[in-house]
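**Student:** Need the 3D shape of this:
(2 chains)
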Amino acid sequence: MFRLALGRLLQAIPVLLAVITVTFLLVHSAPGGPFSADKAVPPEVIKALEAQYQLDQPLWNQYIDYLGDVLRWDFGPSYKYSGRSVNELIAAGLPITAELGLYAMLIALVIGVSAGVIASLRPNSPLDYLPMSGAMIGICMPSFLLGPLLVLIFGIYLDWLPVSGWGDNPGDKLLPSFTLGAAYAAYIARLSRGGMLEVLSQDYIRTARAKGLSEWRIVGKHALRGGLIPVVAFLGPAFAGLLGGSFVVETIFQIPGLGRFYVQAAFNRDYTMILGMTVFFATLIIVFNLLSDMLALWLDPKLRHELARGNNE
Amino acid sequence: MNNQFEEKPIELAEAEPGASLWQDAWLKLRGNSLALAGLFILLLLCTVSILTPWIAPYGYEEQNLLLGASAPSASHWLGTDVFGRDMLTRIMYGGRVSLTVGFIATAVALVIGVLWGAIAGFIGGRVDAVMMRLVDILYALPFMIFIVLLMVVFGRNIYLLFFAIGAVEWLTMARIVRGQVMSLRKQEFVEAAYSLGLTRWTIIRHHIIPNTLGPVIVYTTLTIPSVMLLEAFLSFLGLGIQPPQSSWGLLINYGVETMEEYPWLLIYPGLALSLTLFALNFLGDGLRDALDPRTALD
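**Tutor:** The predicted model follows:
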């Protein structure tokens, strides 16, 4: 198990290096420098600016420098917000995005798992169709549509909840969290239904039934552990999706988080910001994929066994 | 006494005509009303999209500034936007772009993924190991972020969008095809075909391709909605389709700006997108059940 984790961790290093290299090359091959503004700037000023950000150096030197900076976890200054570093901006946005992501994930897990498990216990009954149709709606209703519709209904027509902001007014965290979590609740519901159906048809569940265990105990203790493995394996990709979703949700609800910064940096052509945040996001995503794989492995003894045997051969 | 054991000629029962995988699948699909509805909606949308320049009630750029944004009425079924442009027409033209992106980007993913997976699976050995390790590495990259990056760096152009989205979606396809080819190679009927002296190419054509087609079709049907969603996502953020072109994502983006005063500008494009995604997902699920030989035909 430990060796496996270590191996995966080592695998992550070339991936990260690839991310940094590709992003760096992409950003530096972009047409138009970061200082090519609408109004004409004297060439001396541009020269001075380029010297300040070391853009006059050969690309190779810049790349090596940047790698060194990243190793020291220093993403350099922002082009757009002069005097602020990318690190500062990430530090400002991260707690908000993390909180939003956490609530969204909790909502997705609670709704998704309970809907999926209930559906799997009574397959092909109204208790199955109803939550699964709801899940289909969740999948086909993207966040950039669901969010505005919720704002329209609960924020404007009913006037129950604030339409934007984060932590300024009571209840303003509800709509963004639900908007972000809804699609994942839907995926999780489908995954847990499928996983549970598979497990419930296994012999050891029949044995548990034959022994006269209560339904509650069978489902809660024996079936859930195996049935939820697909959900756990999905958590890594879901996390990456939540980051992407935060671009939209934070833009709709005007939340000053990482996602909104990233979209703004994209529009402002704030290249250091884009570069730094891409590397940061990639690191996060790789770490979370690793964690969710480890968790799935820990839950599934069969998989663990196979991998251990594969390693020894 | 021997009579009892007298051999009787075995009466040959009327040979039951064996249903091919495709006939079987069609029978199963015909019983799935949701999937059929999805197929019907999809065909309708495609027909409308192709015929749009001829059947759209108004011109795409036709403005009526005196009218402004008006609620749905007899002359404008889905209302008009702030420039007095007919929403039904705008949605029809937007759908053309959304569906085109969906189909072309999926086709890009399909071609790359199938070739990659088939080559890796068929050659096997070290080539396979290298090719699939590359897929693993690409899988770990945060692609959503890369697409945003690509659109920012190289400008927002529709051909780049096809390429960028296709470049993301081929990975799963490659894995599916490779797995399928690998397992097929070891099957007895393929070995039998070899021992009968069939050439490699004939075996690929008659045994490998038809047996891989099922999962590929299913995954393709499920890729189209996720591609359309990605395009709408980018267009919503302003990083995808650019005006004067239009797509459902872009229309939703405009709709959000004015939803308080003119909610129909948000609701109808949203409905169009959701309905299409519904249709494609139901069809994909239906096809998956239909093409899976393990599900019984009731």
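**Student:** Within range of chain B, give me the residues from the stretch 51-200 of chain A.
**Tutor:** A:136-137, A:139-142, A:144-145, A:148-149, A:151-152, A:156 (Cβ under 8 Å from any Cβ of the partner chain). Any C-beta I mention is one placed from the backbone N, CA and C, and that applies to glycine too.
**Student:** Which one of the residues you listed is nearest to residue A:44?
**Tutor:** Set against residue A:44, the nearest of these by Cβ to Cβ is residue A:144 (44.6 Å).
**Student:** Please look at the closest one and residue B:234 and confirm they touch.
**Tutor:** No - taking contacts as Cβ atoms under 8 Å, residue A:144 lies outside contact range of residue B:234: 10.4 Å.
**Student:** which neighbours do these two share?
**Tutor:** Both residue A:144 and residue B:234 are contacted by residue B:249, under the criterion Cβ atoms under 8 Å, 6 or more residues apart in numbering or on different chains.
**Student:** Where does pLDDT dip in the chain?
**Tutor:** This is for chain A. Residue ranges of chain A with pLDDT under 70: A:1, A:30-41, A:49-56, A:82, A:302-313.
**Student:** other chain: chain B
**Tutor:** B:1-21, B:140-143, B:155-156, B:292-298.
**Student:** Only the buried residues of the longest helix anywhere in it, if you could.
**Tutor:** In chain B, with assignment by DSSP state H, the single longest helix is helix B:87-123. For helix B:87-123, a neighbour-count test (16 or more other Cβ atoms under 10 Å in any protein chain shown) marks B:87-99, B:101-110, B:112-114, B:116-122 as buried.
**Student:** quick one, the helix or strand following it and helix B:87-123 angle?
**Tutor:** Following helix B:87-123 in sequence order, the next helix or strand is helix B:125-140 (DSSP states H and E). Put simply, helix B:125-140 runs at 150 degrees to helix B:87-123, going by axes from the mean of the first three to the mean of the last three Cα atoms, to 10 degrees.
**Student:** hang on, the earlier thing: pick the one among the residues of the stretch 51-200 of chain A next to chain B closest to residue A:84.
**Tutor:** Nearest to residue A:84 among these, with distances taken as Cβ to Cβ, is residue A:144, at 28.7 Å.
**Student:** residues in contact with that closest one?
**Tutor:** A:248, A:252, B:232-233, B:236, B:249, B:252-253, B:256.
**Student:** could you dump those residues to JSON lines with distance to residue A:42, secondary structure and neighbour count?
**Tutor:** Listed next are those as JSON lines, based on distance: Cβ to Cβ, whole Å; DSSP: H, G, I helix; E, B strand; the rest coil; neighbours: other Cβ atoms under 10 Å in any protein chain shown:
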{"residue": "A:248", "distance to residue A:42": "40", "secondary structure": "helix", "neighbour count": "23"}
{"residue": "A:252", "distance to residue A:42": "41", "secondary structure": "helix", "neighbour count": "23"}
{"residue": "B:232", "distance to residue A:42": "43", "secondary structure": "helix", "neighbour count": "30"}
{"residue": "B:233", "distance to residue A:42": "41", "secondary structure": "helix", "neighbour count": "22"}
{"residue": "B:236", "distance to residue A:42": "39", "secondary structure": "helix", "neighbour count": "28"}
{"residue": "B:249", "distance to residue A:42": "41", "secondary structure": "helix", "neighbour count": "30"}
{"residue": "B:252", "distance to residue A:42": "43", "secondary structure": "helix", "neighbour count": "26"}
{"residue": "B:253", "distance to residue A:42": "38", "secondary structure": "helix", "neighbour count": "22"}
{"residue": "B:256", "distance to residue A:42": "41", "secondary structure": "helix", "neighbour count": "22"}
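**Student:** the helices in the stretch 101-250 of chain A, which residues?
**Tutor:** In the stretch 101-250 of chain A, the segments counted as helices under DSSP state H, counting those that start in this stretch are A:126-140, A:143-150, A:174-200, A:203-210, A:215-217, A:224-227, A:229-252.
**Student:** From the contact counts, what lies against the last one?
**Tutor:** Judged by 3 or more Cβ pairs under 8 Å, 6 or more residues apart in numbering or on different chains; DSSP states H and E, helix A:229-252 is in contact with helix A:86-121, helix A:143-150, helix A:174-200, helix A:258-268, helix A:271-299, helix B:143-153, helix B:209-237.
**Student:** let's go with 6 Å and repeat that
**Tutor:** In terms of contacts (3 or more Cβ pairs under 6 Å, 6 or more residues apart in numbering or on different chains; DSSP states H and E), helix A:229-252 is packed against helix A:86-121, helix A:143-150, helix A:174-200, helix A:258-268, helix A:271-299.
**Student:** So the closest residue to residue B:252 other than its chain neighbours: helix, strand or coil?
**Tutor:** In this structure, residue B:252 finds its nearest non-sequential neighbour in residue B:269, 5.1 Å apart by Cβ to Cβ, 6 or more residues apart in numbering or on different chains. Three-state assignment for residue B:269 (DSSP: H, G, I helix; E, B strand; the rest coil): helix.
**Student:** For residue B:80, grab phi and psi.
**Tutor:** phi -130, psi 160 (degrees, to the nearest 10).
**Student:** I meant residue A:77, not that one.
**Tutor:** Dihedral angles (degrees, to the nearest 10) for residue A:77: phi -80, psi 160.
**Student:** list the contacts for it?
**Tutor:** residue A:85 (Cβ atoms under 6 Å, 6 or more residues apart in numbering or on different chains).
**Student:** go on, the one 3 residues further on?
**Tutor:** Taking Cβ under 6 Å, 6+ apart, we find residue A:80 in contact with A:268, A:270.
**Student:** Check residue A:251 too.
**Tutor:** A:260, A:263.
**Student:** Residue A:260 too?
**Tutor:** Residue A:260 is in contact with A:250-251, counting by Cβ under 6 Å, 6+ apart.
**Student:** how close does it sit to residue A:281?
**Tutor:** Going from residue A:260 to residue A:281 by Cβ to Cβ, to the nearest Å gives 14 Å.
**Student:** which residues do these two both contact?
**Tutor:** Residues touching both residue A:260 and residue A:281 (Cβ under 6 Å, 6+ apart): there are none.
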